[in-house]
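>>> Any chance you could fold what I've pasted below:
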Amino acid sequence: MVWFVLLMAGLMEIGWAIGLKYSHNFTRPVPSILTVVAMAISIWLLSYAMKTLPIGTAYAVWTGIGAVGTVILGIVLFNEPATPARLICVGLIIAGIAGLKILSPT
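The predicted structure follows:
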């Protein structure tokens, strides 16, 4: 259950990172409000997961999910480059997330 909560926190992080782009420096009301709500939910879910998981593991996995998802959506939504080097780096982040999950005591 706690890993699912952490996954949801990471997905909310992706949401607010992408929301920042759509908010246009918080000048567009609806995307700005949704971004702030996603931020709050993401942090709350992360703090809930940290009750059980080690802080280093929880934070690294949360950040990793956010980074990977944001890079992928940047490629899909904003035509950012999908060079082999970038994709290899994303793969390394995914490997790190998987390693932390596998080696976690919880």
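>>> all contacts plus neighbour counts: C-alpha atoms, from now on.
Fine.
>>> Val30 is in what secondary structure piece?
Per DSSP states H and E: Val30 is located in helix 29-49.
>>> Now do that helix: which elements does it pack against?
Secondary-structure packing of helix 29-49 (3 or more C-alpha pairs under 8 Å, 6 or more residues apart in numbering; DSSP states H and E): helix 2-23, helix 55-78.
>>> Would you mind giving the orientation angle of the last one with respect to helix 2-23?
Per axes from the mean of the first three to the mean of the last three C-alpha atoms, to 10 degrees, the angle that helix 55-78 makes with helix 2-23 is 40 degrees.
>>> Give me the most central residue, this protein.
By C-alpha atoms, centre = their mean, the chain has its centre lying nearest to Gly66, at 1.7 Å.
>>> Need the nearest residue in space to that residue, chain neighbours excluded.
Nearest residue to Gly66, sequence neighbours excluded (C-alpha to C-alpha, 6 or more residues apart in numbering): Ile14, at 4.8 Å.
>>> For Thr106, see how far away the one you found is.
24 Å (C-alpha to C-alpha, to the nearest Å).
>>> How about the contacts made by the spatially most distant residue from the centre of the chain?
Going by C-alpha atoms, centre = their mean, the residue of the chain most distant from its centre is Thr27, 23.3 Å out. Applying C-alpha atoms under 8 Å, 6 or more residues apart in numbering to Thr27 gives no contacts.
>>> Done for today, thanks.
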